[in-house]
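In: Show me the folded form of this:
(one chain, ligands or ions: 2)
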Amino acid sequence: MQGKGLLVGLGITIKHFFRKKETVQYPEEKLPMPETFRGGKLVLDEKKCIACKMCSMACPNKALDLTVEIDENKKRHMKKYIHKSGRCLYCDFCVEACPTKAISWNRDYEISCYHKDELTYDAVENNRKDDTHE
Ligand code: SF4
Ligand code: SF4
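Out: Ligands and ions are numbered 1, 2, ... in the order given. Model prediction:
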């Protein structure tokens, strides 16, 4: 029958039109990243962090530069937690090495930037910024 191919094609199109969508209209819509996604910025929970530096020791590419201060009671405090994402392999060794689960990824995949400086990020400073915005 003439035009059969057209009808079959239309049938397939209509079927797909009403099916659940597999894609989203990025950047207006974004898919949530799974728990296992490694990427974005490292978030430091300062309440959990004991400033042991196990994370930076586990880093194979020297992407973590930490500054620790010891107070008069000999308690260690994290002063700077610099993550150089330009050096980061996103291997997750730092997260796995942390004995108190104080670091995690913010799972933001929109981290492209124009300047190299923007690839360096202080998680402690970022916590201060978040506190002042609250
Ligand atoms: S993910 Fe790997 S390379 Fe990146 S900071 Fe952690 S240990 Fe270092
Ligand atoms: S390993 Fe964990 S507790 Fe130790 S300094 Fe790093 S983030 Fe803090």
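
In: drop to CA atoms for contacts and neighbour counts, all remaining ones
Out: OK.

In: how about low-confidence regions in the protein?
Out: The chain contains residues with pLDDT under 70 at 1-2, 133-134.

In: Near ligand 1, which residues of this structure are found?
Out: When proximity is defined as CA under 6 Å from any ligand atom, the chain approaches ligand 1 at 58-61, 63-64, 88-94.

In: Just the C-alphas of the longest helix along the chain, formatted as PDB.
Out: Taking DSSP state H as the criterion, the chain has its longest helix at helix 4-17. C-alpha atoms of helix 4-17 as PDB (Å, rounded to 0.1, in the frame of the first residue of the first chain):
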ATOM      1  CA  LYS A   4       2.200   2.700   4.500                       C
ATOM      2  CA  GLY A   5       5.800   3.800   5.400                       C
ATOM      3  CA  LEU A   6       4.500   7.200   6.200                       C
ATOM      4  CA  LEU A   7       1.800   5.900   8.500                       C
ATOM      5  CA  VAL A   8       4.300   3.600  10.200                       C
ATOM      6  CA  GLY A   9       6.600   6.500  10.700                       C
ATOM      7  CA  LEU A  10       3.900   8.700  12.100                       C
ATOM      8  CA  GLY A  11       2.800   5.900  14.400                       C
ATOM      9  CA  ILE A  12       6.300   5.700  15.800                       C
ATOM     10  CA  THR A  13       6.600   9.500  16.200                       C
ATOM     11  CA  ILE A  14       3.200   9.700  18.100                       C
ATOM     12  CA  LYS A  15       4.200   6.800  20.300                       C
ATOM     13  CA  HIS A  16       7.500   8.500  21.300                       C
ATOM     14  CA  PHE A  17       5.700  11.800  21.800                       C
END
